[in-house]
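[1] Turn this into a structure:
(one chain, ligands or ions: 1)
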Amino acid sequence: MTDVVKVEIEGKSYELPVITGSEGEKAIDISTLRASSGYITLDNGFGNTGSCQSGITFLNGEEGILRYRGYPIEQLAKKSSFQEVAYLLLNGELPSQADLTSFKTKITENSILPEGMFKMIEQFPSTTHPMGVASSMFAALTAFYPEYVTKTELNSQEMNALFCQLMGQAKVIISQFYRKTQGLGPVATNGELSYAGDFLNMMFGGETGKEVSQAVSDAFDVLLTLHADHEQNCSASTVRVVGTSKVNLFASVSAGINALWGQSHGGANQAVLEMLEAIQQDGGGYQKFINKAKDKNDPFRLMGFGHRVYKKFDPRATIIKEACDTVLEQLGVSDPLLDIAKGLEEVALNDSYFVDRQLYPNVDFYSGIIYRALGIPTNMFTCMFVLGRLPGWMSQWVEMRQDSATKIARPRQVYTGATTRDYTDLSKR
Ligand code: SDX
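    Residues are numbered from 1 along each chain as shown. I've put the predicted structure just below:
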């Protein structure tokens, strides 16, 4: 028997079906509401509205639970590589050794760019924000792979190939712009390295002679895993919404990169570092910034704090905070900004403003400390988020495209503008 709820509107009763998820979540299916009652719903920011049914990532914000295809993030961060997690997100199962070898080989083979794209990267001024380069270059892939512009209905084999292509090329696009800003040439992919290690080598290796230690690449690999997917966040929803128009994956991912760029979303990891540096330059006192964050007349918010869904703690922040101490110790680095971050967290978590609003550190609060210790420039932090989130975006896009219930995303509105006016009113002007 299908569960239903009854709503009464203007004295008439309407029955709406209830959808129950595999974790017991309940949703009222309102897809017939307007046709039957003339009413729509309004939910600014969609905090109460499901956009789809998905089997990829489950999170419970009240309990601080995050699982990819049913596996707890804490286990995946400890036991799986980022490439295994990327395979899991796309295929629904962890790879066998043979699957993993084939997946890694395909990604390595695709860790190259057409010469024309290298030339395009060279043309960006070095002052360009790397997220603008990344979103532009993903859209530019349509110029070099036009077959994906016309053929947007892909079978699983074609999707897997495209998935590996973008996983490989993302490393090159992001690292190559950094190398260009340093006046360095490209470093070729090295299939012997992990995905994380290969990217860091593409960033810092080659003529610099800089060796990336196993410990550093392992820590970065965990960071990529922690960022790999997060159900219907702003950027994943963007990738899905754009994809419902039947446009190609390159354009959909480019849109997702732009959504992630904002400091309310992935851009927060850069904003956190800038905030910590501002506190340091201001003598290290937190209270002034805490007061600013609480002042409703001040647009300043405590960056890296708060979350639309997590109302207890962000399990990723817990893992990253622990990793900070380990990585800095392994690197022999002591970063005063880490002490400032820990002190700020301590003060905020004892302040009723943050406690009452259930505002806790999120994934972006400590990640920048590690990126900084790895030598990654602050304005590239959000590009690290892109690298991690790419498999999540692509998996969500594939699921959307394969879902027979998918329709073009086209929300309604409540109109509040001028009511009917007669053109002859102009004579009154
Ligand atoms: C990510 O959705 C995802 O899953 C995203 C993400 C992912 O993996 O994809 O987890 C990644 O984007 C993490 C969030 C990174 N952003 C930041 O760290 C920026 C700072 N945080 C905020 O701007 C804010 O907390 C949001 C955007 C994250 C969430 O905002 P909401 O859910 O819209 O919260 P809200 O604006 O309704 O705030 C509720 C109250 C308000 O105060 P009152 O009006 O009730 O008095 O909390 C206040 C807000 O002013 N508040 C903050 C605050 N965040 C919320 N006050 C000060 N500092 C903050 N950071």
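
[2] give me the number of residues near Glu62?
    Applying other C-beta atoms under 10 Å, we find 10 residues neighbouring Glu62. (Each C-beta comes from the backbone N, C-alpha and C, glycine too.)

[3] One more: Phe385?
    So Phe385, with other C-beta under 10 Å, has 28 neighbours.

[4] Tell me the helix or strand right after the helix or strand hosting Thr142.
    Here Thr142 sits within helix 130-144, counting by DSSP states H and E. The element immediately downstream of helix 130-144 (helix or strand, assigned by DSSP H and E) is helix 147-150.

[5] Beyond that next one, next helix or strand please.
    Downstream of helix 147-150, the first helix or strand assigned by DSSP H and E is helix 156-181.

[6] and that following helix, what's its mean pLDDT?
    For helix 156-181, mean pLDDT is 97.

[7] And for stretch 6-23?
    On average, stretch 6-23 scores 97.

[8] Look at Lys6 and give its secondary structure.
    strand (DSSP: H, G, I helix; E, B strand; the rest coil).

[9] Was I right to think it contacts Glu15?
    Yes - with contact taken as C-beta atoms under 8 Å, Lys6 and Glu15 are classed as touching, separated by 5.6 Å.

[10] Pick out the residue of the chain closest to the ligand.
    Gly306 (2.3 Å; C-beta to the nearest ligand atom).

[11] Contacts for stretch 165-174, please.
    For stretch 165-174, the surrounding residues in contact (C-beta atoms under 8 Å, 6 or more residues apart in numbering) are 86, 106-113, 117, 121, 130, 133-134, 137-138, 141, 186, 189, 195, 198-199, 202, 249-250, 253, 380, 383, 386-387, 390-391, 394.

[12] Can I get the buried part of those residues as one ChimeraX selection?
    Buried residues among those (16 or more other C-beta atoms under 10 Å), as a ChimeraX selection:
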select :86,106,107,108,110,111,112,113,117,121,130,133,134,137,138,141,186,189,195,198,199,202,249,250,253,380,383,386,387,390,391,394
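
[13] on that earlier part again, please say which of Lys6 and Glu15 ends up with more neighbours.
    Using other C-beta under 10 Å, the more surrounded residue of Lys6 and Glu15 is Glu15, with 12 against 8.

[14] Give me the three-state assignment for the more buried one.
    Glu15 - assigned by three-state DSSP - is strand.

[15] Pull the contacting residues for the nearest residue to it once chain neighbours are set aside.
    Spatially, and ignoring its direct neighbours in sequence, Glu15 is nearest to Val4 (4.6 Å; C-beta to C-beta, 6 or more residues apart in numbering). Residues in contact with Val4 (C-beta under 8 Å, 6+ apart) are Glu15, Leu16, Pro17, Val18.

[16] Report the beta-bridge partners for the third one.
    This points to Pro17. Val4 (DSSP bridges).

[17] okay, now it: neighbour count?
    With other C-beta under 10 Å as criterion, Pro17 counts 14.

[18] That one and Asp29 touch, don't they?
    Yes - Pro17 is within contact range of Asp29, at 4.6 Å (criterion: C-beta under 8 Å).

[19] who in the stretch 101-250 of the chain is up against the ligand?
    Neighbours of the ligand within the stretch 101-250 of the chain, by C-beta under 6 Å from any ligand atom: His230, Asn233.

[20] Need the phi and psi values for Gly183.
    phi 70, psi 30 (degrees, to the nearest 10).

[21] contacting residues around Arg34?
    Listed by C-beta under 8 Å, 6+ apart, the contact set of Arg34 reads Ile40, Arg412.

[22] er, Gln330 actually
    With C-beta under 8 Å, 6+ apart, Gln330 has these contacts: Ser213, Ala215, Val216, Ala219.

[23] One more pass at 7 Å, please.
    Ala215 (C-beta atoms under 7 Å, 6 or more residues apart in numbering).

[24] ok, it to Arg316 distance?
    20 Å (C-beta to C-beta, to the nearest Å).

[25] swap in Leu141?
    29 Å.

[26] With Ala251 instead?
    28 Å.

[27] Poorly predicted segments of the chain, please.
    1-2, 425-429 (pLDDT under 70).

[28] quick one, helices of the stretch 1-150 of the chain?
    All helices of the stretch 1-150 of the chain, identified by DSSP state H, counting those that start in this stretch, fall at 33-37, 73-79, 82-91, 97-109, 115-123, 130-144, 147-150.

[29] which stretch among these comes nearest Gln232?
    Nearest to Gln232, of all the helices of the stretch 1-150 of the chain, is helix 82-91, at 14.3 Å by C-beta to C-beta.

[30] Please parse the protein into its domains.
    Per automatic domain parsing, the structural domains of the chain span 4-50, 67-261, 268-374.

[31] one step back: backbone phi and psi for the residue of the chain closest to the ligand, please?
    Per degrees, to the nearest 10, the backbone of Gly306 is at phi 90, psi 160.

[32] what's the closest non-adjacent residue to Gly191?
    Per C-beta to C-beta, 6+ apart, closest to Gly191 is Thr108, 4.0 Å.

[33] now swap in Gly262 and tell me
    Nearest one to Gly262, counting by C-beta to C-beta, 6+ apart, is Cys234 at 7.5 Å.

[34] isn't that neighbour right up against Ala259?
    Yes - counting by C-beta atoms under 7 Å, Ala259 is a contact partner of Cys234 at 5.1 Å.

[35] Comparing these two, which residue is more hemmed in?
    Between Cys234 and Ala259, counted using other C-beta under 10 Å, the more crowded position is Ala259 (21 against 17).
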